[in-house]
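Trainee: Quick one, what's the 3D model for this:
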Amino acid sequence: MKHTIEVENIKCGGCMNSIRTAIMQMEGVQEVSIDKETETVIIEANSDVESFIQKLNDLGYPQKGNNSLLKKAKSYVSCAVGNLKS
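Mentor: Predicted coordinates:
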């Protein structure tokens, strides 16, 4: 099943790396693709979309329209970690 989730706060390749790494570690995930320009995460998985929405939110990449200062701060940390791993 393909899940398409529009999120906030994707700024660079580090953000994309953090998202891809975290989602790929979740059960049932076959593939993750990310479009930085449209801030869209596409996940091929046999799992419920809600678990992915929660994971993205925890990383600081909430669904469009659900952003906050705290989530923006979390995304900067995820971004920095992603840049270190790339």
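Trainee: Give me the residue ranges of the chain where confidence is low.
Mentor: Low-confidence segments of the chain (pLDDT under 70): 85-86.
Trainee: excluding its backbone neighbours, what's nearest F52?
Mentor: I43 (5.5 Å; CB to CB, 6 or more residues apart in numbering). In short, each C-beta sits where N, CA and C put it, glycine included.
Trainee: Can you verify my assumption that the one you found contacts M24?
Mentor: No - using CB atoms under 8 Å, I43 is not in contact with M24; the gap is 9.3 Å.
Trainee: sorry, back to before: beta-bridge partners for the residue nearest to F52, please?
Mentor: With DSSP bridges as the criterion, I43 is bridged to H3, V32.
Trainee: Just list the residues touching it, thanks.
Mentor: 2-3, 5, 23, 29, 31-32, 49, 52 (CB atoms under 8 Å, 6 or more residues apart in numbering).
Trainee: what's near enough to touch K55?
Mentor: Here K55 is in contact with 22-23, 26 (CB under 8 Å, 6+ apart).
Trainee: got it, and V49?
Mentor: For V49, the contact set (CB under 8 Å, 6+ apart) comprises 3, 5, 43.
Trainee: sorry, back to before: can I get the contacts of K55 in TSV including neighbour count?
Mentor: Shown next, in TSV, are the contacts of K55 (neighbours: other CB atoms under 10 Å):
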residue	neighbour count
A22	19
I23	22
M26	14
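Trainee: Can you show me the strands along this structure?
Mentor: For the chain, applying DSSP state E gives strands covering 2-6, 29-35, 40-45.
Trainee: From the rest of the structure, what touches the second one?
Mentor: Meaning strand 29-35. 10, 16, 19-20, 23-24, 40-47.
Trainee: Just the buried ones among those residues, please.
Mentor: Neighbour-count burial within those applies to 10, 16, 19-20, 23, 41, 43, 45; the criterion is 16 or more other CB atoms under 10 Å.
Trainee: Nice, that's everything, thank you.
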